[in-house]
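Student: Predicted coordinates and the sequence they were generated for:
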Amino acid sequence: MAAPRVDRAEKNLPPHYRHWLDEEVPYIIETQERAQFLALHTDAERDAFIRSFWDARNPTPGSEINTYKEEHYRRLAYANEHFGAVNLQNGWRTDEGRIYITLGAPQSIVTYPSPRNVRPLVIWFYSSPSPALPSYFYIVFFKRSIGEPYTIYSPYQDGPNKLVTGLEDLNDQTRSLKTIRKSLGDEVARLAVSLLPTEPVDLDNFSPTMMSDEMLATIRTLPDNQLQKQQLALRREQRKVTASIITTSNTPHVGYTVSRDERGLSTVNYLIQFPEPDATIIGQRKDKTLGYDLTLQNHITTESGAPVYDDFVVLTSELQPAQADVGRKKPFAAEDRFPLVPGRYIIQSTLTNNLTLAAHRTLQTVVVPRPSSTALGISEPFVYNGNPVRDEGSTLPFSVADVRFSPRAVGTLTMHAGDRVPVVFQLWVPKDANGKPKTAPIQLHYLYGSPVTGGNPIDESDETVDPSNADAAGNFVTGHVFQTGEMAPGTYRLIIRATQEGSAPVFSTMTLRVVPSDIPVGDWTAYGPPRPDQDEQKRALAAKAQAKVDQAKVASPAARP
């Protein structure tokens, strides 16, 4: 990996700023940022740019201590001390220095200083250093000759014959691979073919793919990677959130339901719902158009406090005057989705209205249940509006089995008597001895009632469903429509019971809050753009936080079929 090119505009910089651009931040600055910096004319502008550069990367916006900046300069000092020539302070220019500055310290280092028939090797192992990279991977460095520094090894560009010293193997990659295998064993030989532990490898016939080289290319261009730039945009938006005012009026309610896909992977569908209309959510945006502009920031930790990941989404759209009039009279709800592995989580959500800088903060405990191969399971039900639509890949919130439902309520529904209440939920069917979902019929019993009735249900019904259409993981989507014409104002409990031969009954519940007809009900919701390319990385981060390494490997993009 060569050092960044120095162009004419950079040569004309005053030495202090040229040093900053060329030797301090070349591996973390975006191409666009670099061009902006070179276009500045005064030192005052350059100083302001540098302050903004570090502020945008501060993990704690507004804090006087910028842990990102401190860690970067620690890495830079380490690279100059341990790689290259210490007296020249040029360790940052070496391949080892670049990787260390870009990704930080590896989880482990293995050194082979003088292996038989193989050049000196150093192997670094990394775990989840960036959402733009695989969850687990290796970097291999080798010396092309005794006097040269360690160079990054590329399975596709170099191949095993660049690692061996014998002339008889010079033009035979498979033979060179056998030499490495004989000298250092299968694990090192495997790295000569692929740097990704989840990629299948044939040690008998050298046949590398481009996956390792694509990963190395991503590292070289990490500042310009789309996911990396999204994270930086998130940090910049977080700075705006810190200027907001947390309000305690019209406190929103949080509801969630967990769905699973055909691989058995879990997604939390999340709804932050306001009980009353808020006309200030809709107004004139910065571009002078009518609409809404909100940001939803979610900080996810395990129940013990270990950080999982931050999720940030911008909710904004232009509205026509008629749409705005309707929206101002209805309560608002924000949707989001969180790919997670089984476990207990704490989600702190901050929803900011960028038009007024008013913000609401909620705290919710979320439980993602562990799949069972022997017992029937059921998700939390939710009520939806309108007609479901196709969502290939289930990329949007409240999409189940490639069908998107527009949520009206999760956990608690505020409604009028006589409202139609369509409910949808997911059944998790156990598997038989052959690993196939059991096909025995599932009996569903629905009822709702109120404590004031002495425990007697107001209405109840039964239904039998055939789970033969369950997907490979045993997921089966079904639902029911409740008629509520006889309900007086008050609070009711909706209960769903599911039973299947060989499994204990499972239950799912929901609260129905019937209000007088003069109180507004119903709502309108907003959600951000689909981000399916981040799902596996987020699950890997969740698995790592939950100390479930096996699930993190399954969630790695390289492990997907």
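Tutor: Perfect, thanks for sending it.
Student: For stretch 321-330, buried residues please.
Tutor: Ala324, Gly327, Arg328, Lys330 (16 or more other C-beta atoms under 10 Å). C-beta: built from backbone N, CA, C; applies to glycine.
Student: Which residue comes closest to the third one once chain neighbours are left out?
Tutor: Setting aside the residues directly before and after it, Arg328 is nearest to Ala279 in space (C-beta to C-beta, 6 or more residues apart in numbering), at 4.1 Å.
Student: Can you get me a residue count around the one you found?
Tutor: Residues lying near Ala279 (other C-beta atoms under 10 Å) number 11.
Student: pLDDT score for it?
Tutor: Among the per-residue scores, Ala279 shows a pLDDT of 94.
Student: List the buried residues in stretch 466-477.
Tutor: By 16+ other C-beta under 10 Å, the buried positions in stretch 466-477 come out as Pro467, Ala470, Asp471, Ala473, Gly474, Asn475, Phe476, Val477.
Student: first to last residue in that stretch, what's the distance?
Tutor: 11 Å (C-alpha to C-alpha, to the nearest Å).
Student: contact partners of it?
Tutor: 259-264, 371, 400-401, 403, 424-431, 437-442, 465, 500 (C-beta atoms under 8 Å, 6 or more residues apart in numbering).
Student: ok now that stretch, how far from the chain's centre?
Tutor: 26 Å (C-alpha atoms, centre = their mean, to the nearest Å).
Student: I'd like the average pLDDT over stretch 377-392.
Tutor: For stretch 377-392, mean pLDDT rounds to 95.
Student: In CSV, please show the C-alpha coordinates belonging to it.
Tutor: What follows is stretch 377-392, C-alpha atoms only, in CSV (Å, rounded to 0.1, in the frame of the first residue of the first chain):
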residue,chain,number,x,y,z
GLY,A,377,-43.2,-19.8,19.6
ILE,A,378,-45.1,-16.6,18.8
SER,A,379,-44.1,-13.0,18.2
GLU,A,380,-45.8,-9.9,19.6
PRO,A,381,-48.8,-9.0,17.5
PHE,A,382,-49.3,-5.6,15.9
VAL,A,383,-52.2,-3.8,14.2
TYR,A,384,-51.7,-2.5,10.7
ASN,A,385,-53.3,0.1,8.4
GLY,A,386,-54.3,-0.3,4.8
ASN,A,387,-53.2,-3.2,2.5
PRO,A,388,-49.9,-5.0,2.9
VAL,A,389,-47.4,-4.4,0.0
ARG,A,390,-44.5,-6.5,-1.3
ASP,A,391,-41.1,-5.7,0.1
GLU,A,392,-38.6,-8.1,-1.5
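Student: List the buried residues in that stretch.
Tutor: Gly377, Ile378, Ser379, Glu380, Pro381, Phe382, Val383, Tyr384, Pro388, Asp391.
Student: ok, now which ones touch the closest residue to Glu486 other than its chain neighbours?
Tutor: Of all residues not flanking Glu486 in the chain, Ile458 sits nearest, at 6.7 Å (C-beta to C-beta, 6+ apart). Residues in contact with Ile458 (C-beta under 8 Å, 6+ apart) are Tyr448, Gly449, Ser450, Glu486, Met487, Tyr492.
Student: Can you flag which of the residues you listed belong to strands?
Tutor: Tyr448, Gly449, Tyr492 (DSSP state E).
Student: Any idea what the last one is bridged to?
Tutor: This points to Tyr492. Leu512 (DSSP bridges).
Student: What is the neighbour count of it?
Tutor: Counted with other C-beta under 10 Å, Tyr492 comes out at 23.
Student: ok, it touching Thr511?
Tutor: Yes: if you go by C-beta atoms under 8 Å, Tyr492 and Thr511 touch, sitting 7.3 Å apart.
Student: low-scoring pLDDT stretches of the chain, where are they?
Tutor: 1-9, 62, 168-170, 235, 237-244, 451-455, 548-561 (pLDDT under 70).
Student: run the last query once more with 50
Tutor: 2-4, 552-561 (pLDDT under 50).
Student: Mind jotting down where the helices sit in it?
Tutor: For the chain, the helices defined by DSSP state H occupy 8-11, 15-19, 31-38, 43-55, 67-82, 95-103, 173-184, 186-193, 211-220, 226-241, 321-328, 535-545, 549-555.
Student: In stretch 511-526, which residues are buried?
Tutor: Within stretch 511-526, judged by 16+ other C-beta under 10 Å, the buried ones are Leu512, Val514, Val521, Asp523, Trp524, Thr525, Ala526.
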